[in-house]
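Participant: Test case, fold it:
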Amino acid sequence: MRQNPALASQAGRKKHTGLTITLGALTAFGPFATDMYLSGFQAIADDFHTQISEVQLSLSTFFIGMAIGQLIYGPLIDKYGRKKPLMLGIFLFTLCSVFALIAPDIHLFNGLRFFQAVGGCAGMIISRAVIKDLFDEQEAAQVLSVMMIVQSLGPILAPVIGGYLFSWCGWQSIFLFMAGFGLLSLYLSLKQVPETLAPENRARNQTGIATAFKTLLCQRSFICPTLAGSFSIATMFVFISGSPFVLMELFDVSQQHYGWLFAINAFGMVISSQINNRLLKLYSVRTIIQYAAPLGLAAGLVLFALRHTDHLIVLMMPLFICVSMVPVLAANTTAIAMENSGKQAGIASSLVGFIQFAVAGAVSALVGLLHNGTTLPMCGLILIVTALCVLLTFNDLHYHKRQMKAAHENHQTLS
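Facilitator: Reported below is the predicted structural model:
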């Protein structure tokens with residue numbers, strides 16, 4: 001239900017082109033902050049006189065910050081409105097991007113990445129709330145389509161832009177770019193994003209949040225698909241954390257070429273997303289998962305078996321399939337989890353996001369902790385997370401069949 005019909009009507013008449021562009025830009029904080037600086041890992045390690053594994057931890061701290069941010073902003077924006085938390089989050093992202101340029105050591109750099117993530121998380125969460133407040137169904141679809149384009153293009157463009165910035169001006173220019181993007185987003189948000197939650201519609205009593213979280217965590221029909229999707233997404237984050245060393249150090253790929261190789265895998269995700277949308281018109285969500293999860297695991301097994309190869313293209317082929325399965329499994333498992341969340345959709349959305357980024361942070365940290373100068377950490381962890389995804393998806397499928405059978409038998413008994 002819209003909270004501000006007057007704004008919604010005004011948005012419908014003027015189409016709010018500026019607002020649409022701004023909301024789309026707010027979804028790009030994640031890929032810009034994670035994918036742009038990957039090609040500069042070794043240079044960052046050299047400047048801080050540390051190992052590349054320590055720099056890889058800056059990814060895991062970022063993902064953990066994103067996970068915690070998911071839990072912070074949900075209750076916050078329901079109580080204090082949309083705009084103030086949004087402006088505060090963007091400001092925090094911008095400030096941490098600047099301080100990262102002058103961090104004296106890798107430990108402070110990694111800490112700043114955590115708070116940078118908490119700040120950047122605001123735009124991703126609040127933009128969805130603003131759309132729900134302002135637009136009717138058709139207008140919301142138009143705005144969301146623009147946001148989806150940005151979300152799809154972000155992982156493709158970010159490593160390419162980052163690669164060229166690094167080669168021209170060093171890794172510091174990438175964080176300068178992030179700070180500039182933050183300032184631009186801050187200005188656009190100030191001018192284009194209205195406060196869409198009226199004071200009389202704001203939450204006053206949030207004492208039931210902990211109980212709702214606990215209920216969902218103990219609900220098998222919610223937690224199994226949520227974890228399955230999280231381990232699927234972990235495949236991508238293992239690739240993000242491990243690929244700079246594997247591709248640039250072991251296979252001598254240049255910074256610019258690394259960006260293009262990364263973009264190819266991201267493009268595979270765009271293609272698979274489109275295929276998934278078409279398949280959903282013909283098959284059920286669980287039917288697609290039933291085939292997509294084993295395909296990802298099969299590719300993970302091939303990748304692990306080929307981990308000693310000297311041919312880059314041989315390694316990239318199964319890796320491409322593993323990464324391409326991520327949006328298919330993540331979207332469909334999330335749909336199942338949200339469908340089973342009942343009336344707690346808002347809290348469920350926060351919990352799904354938290355678990356996804358918590359798992360991403362954990363596996364990214366493992367890539368750095370298990371670093372041994374070979375492809376084993378990346379290939380081995382991808383095999384593990386794809387296997388866990390299969391186990392959880394089939395557990396959910398089995399549980400769903402049992403529930404359907406029990407419902408059918410109960411219906412027959414009543415008849």
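Participant: Distance from the chain centre to the top helix by length along the chain, please.
Facilitator: Longest helix of the chain, by residue count under DSSP state H: helix 376-414. For helix 376-414, the separation from the chain centroid amounts to 23 Å (computed by Cα atoms, centre = their mean, to the nearest Å).
Participant: Does anything pack onto it? Which helices or strands?
Facilitator: helix 220-243, helix 285-305, helix 312-339, helix 345-369 (3 or more Cβ pairs under 8 Å, 6 or more residues apart in numbering; DSSP states H and E). From N, CA and C alone the C-beta is placed, and that goes for glycine too.
Participant: average model confidence for stretch 314-326?
Facilitator: In this model, stretch 314-326 carries a mean pLDDT of 94.
Participant: Please could you give me each C-alpha atom of the helix or strand hosting residue 212, formatted as CSV?
Facilitator: Assigned by DSSP states H and E, residue 212 falls within helix 209-217. Taking C-alpha atoms only, helix 209-217 is exported to CSV below (Å, rounded to 0.1, in the frame of the first residue of the first chain):
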residue,chain,number,x,y,z
ILE,A,209,11.2,-7.8,15.7
ALA,A,210,13.4,-10.3,17.6
THR,A,211,10.5,-12.7,17.9
ALA,A,212,9.8,-12.5,14.2
PHE,A,213,13.5,-13.1,13.4
LYS,A,214,13.5,-16.2,15.7
THR,A,215,10.3,-17.6,14.2
LEU,A,216,11.7,-17.4,10.6
LEU,A,217,15.0,-18.8,11.5
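Participant: And it, what does it pack against?
Facilitator: helix 220-243, helix 345-369.
Participant: which of these sits most buried?
Facilitator: helix 220-243 (a mean of 26; mean count of other Cβ atoms under 10 Å).
Participant: so which of the helices and strands packed on helix 376-414 comes closest to residue 72?
Facilitator: With Cβ to Cβ as the criterion, residue 72 lies closest to helix 345-369 of the helices and strands packed on helix 376-414, at 8.9 Å.
Participant: circling back: check the helices and strands packed on helix 376-414 for me: which has the lowest mean pLDDT.
Facilitator: Averaging pLDDT over each of these puts helix 345-369 lowest, since it has a mean of 82.
Participant: buried set for the helix or strand containing residue 183?
Facilitator: Residue 183 is part of helix 172-192 when elements are defined by DSSP H and E. By neighbour count on 16 or more other Cβ atoms under 10 Å, the buried set for helix 172-192 is 172-179, 181-182, 185-186, 188-189, 192.
Participant: next one: stretch 304-323
Facilitator: Residues 304, 306-307, 315-316, 318-323 are the ones in stretch 304-323 that count as buried (16+ other Cβ under 10 Å).
Participant: Alpha carbons of it, as PDB, please.
Facilitator: In PDB, the C-alpha atoms belonging to stretch 304-323 read as follows (Å, rounded to 0.1, in the frame of the first residue of the first chain):
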ATOM      1  CA  PHE A 304      38.100 -28.700  -9.200                       C
ATOM      2  CA  ALA A 305      39.400 -31.500 -11.400                       C
ATOM      3  CA  LEU A 306      41.000 -29.000 -13.800                       C
ATOM      4  CA  ARG A 307      42.500 -26.800 -11.000                       C
ATOM      5  CA  HIS A 308      46.100 -27.700 -12.100                       C
ATOM      6  CA  THR A 309      45.600 -26.800 -15.800                       C
ATOM      7  CA  ASP A 310      48.000 -24.400 -17.400                       C
ATOM      8  CA  HIS A 311      45.400 -23.300 -20.000                       C
ATOM      9  CA  LEU A 312      43.300 -20.300 -18.800                       C
ATOM     10  CA  ILE A 313      40.400 -21.000 -21.200                       C
ATOM     11  CA  VAL A 314      40.100 -24.500 -19.800                       C
ATOM     12  CA  LEU A 315      39.700 -23.200 -16.300                       C
ATOM     13  CA  MET A 316      37.400 -20.400 -17.300                       C
ATOM     14  CA  MET A 317      34.800 -22.600 -19.000                       C
ATOM     15  CA  PRO A 318      33.500 -24.500 -15.900                       C
ATOM     16  CA  LEU A 319      34.000 -21.300 -13.900                       C
ATOM     17  CA  PHE A 320      31.700 -19.500 -16.300                       C
ATOM     18  CA  ILE A 321      28.900 -22.100 -15.800                       C
ATOM     19  CA  CYS A 322      29.300 -22.000 -12.000                       C
ATOM     20  CA  VAL A 323      28.900 -18.200 -11.900                       C
END
